[in-house]
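> Here is a sequence with its predicted model. Questions after.
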Amino acid sequence: MMFWYGHDVSGWGWFAMSAGMILFWVLIITVAVLLFRTLNSPQEHTRTPSAPSAEDILRERLARGEIDEDEYRRRLEALRSGPATKS
């Protein structure tokens, strides 16, 4: 009992306990609010869009009228058959 200075807490002790309790609850509430906000925020996708495939570009050209349907089918078949090998 050498550090108690009796059984009473002095004025500074009450102040320290009160300030500590207030800081404790402020910390708990702040963590709860931040956690709540984080869990309820909409997720943003930061992916970059992938480059369009050759078939997508061909489809867009047909839609814009740059090529006709016969040319579209011929080129699509060439794309799907693989690279042409030269002898």
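Arrived safely, thanks for sending.
> any idea which helix or strand carries Ala78?
Under the criterion of DSSP states H and E, Ala78 resides in helix 69-81.
> Now that helix - C-alpha only, CSV.
Extracted C-alpha coordinates of helix 69-81, given in CSV (Å, rounded to 0.1, in the frame of the first residue of the first chain):
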residue,chain,number,x,y,z
GLU,A,69,-21.6,-8.6,-94.2
ASP,A,70,-19.7,-10.8,-96.7
GLU,A,71,-16.4,-9.2,-95.8
TYR,A,72,-17.2,-9.5,-92.1
ARG,A,73,-17.8,-13.2,-92.4
ARG,A,74,-14.7,-13.7,-94.5
ARG,A,75,-12.5,-11.8,-92.0
LEU,A,76,-14.2,-13.5,-89.0
GLU,A,77,-13.5,-16.9,-90.5
ALA,A,78,-9.9,-15.9,-91.1
LEU,A,79,-9.5,-14.7,-87.5
ARG,A,80,-11.0,-17.9,-86.1
SER,A,81,-8.9,-20.2,-88.3
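> looking just at contacts, which helices and strands does that helix meet?
helix 54-64 (3 or more Cβ pairs under 8 Å, 6 or more residues apart in numbering; DSSP states H and E). The C-beta positions use only the backbone N, C-alpha and C, and glycine is treated the same way.
> Mind listing residues that contact the helix it packs on?
Contacts with helix 54-64, where a contact means Cβ atoms under 8 Å, 6 or more residues apart in numbering, come from Pro52, Ile67, Asp68, Glu69, Tyr72, Arg75, Leu76, Leu79.
> from the chain's centre, how far out does that helix sit?
The chain centre lies 32 Å from the centre of helix 54-64; the measure is Cα atoms, centre = their mean, to the nearest Å.
> and what of stretch 19-26?
For stretch 19-26, the distance to the chain centre is 33 Å (Cα atoms, centre = their mean).
> Alpha carbons only: can I get it in PDB?
Provided in PDB are the C-alpha atoms of stretch 19-26 (Å, rounded to 0.1, in the frame of the first residue of the first chain):
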ATOM      1  CA  ALA A  19     -10.200  12.200 -19.000                       C
ATOM      2  CA  GLY A  20      -9.100   8.600 -19.700                       C
ATOM      3  CA  MET A  21     -12.700   7.300 -19.700                       C
ATOM      4  CA  ILE A  22     -13.800  10.100 -22.100                       C
ATOM      5  CA  LEU A  23     -10.800   9.400 -24.400                       C
ATOM      6  CA  PHE A  24     -11.500   5.600 -24.300                       C
ATOM      7  CA  TRP A  25     -15.200   6.100 -25.400                       C
ATOM      8  CA  VAL A  26     -14.200   8.600 -28.000                       C
END
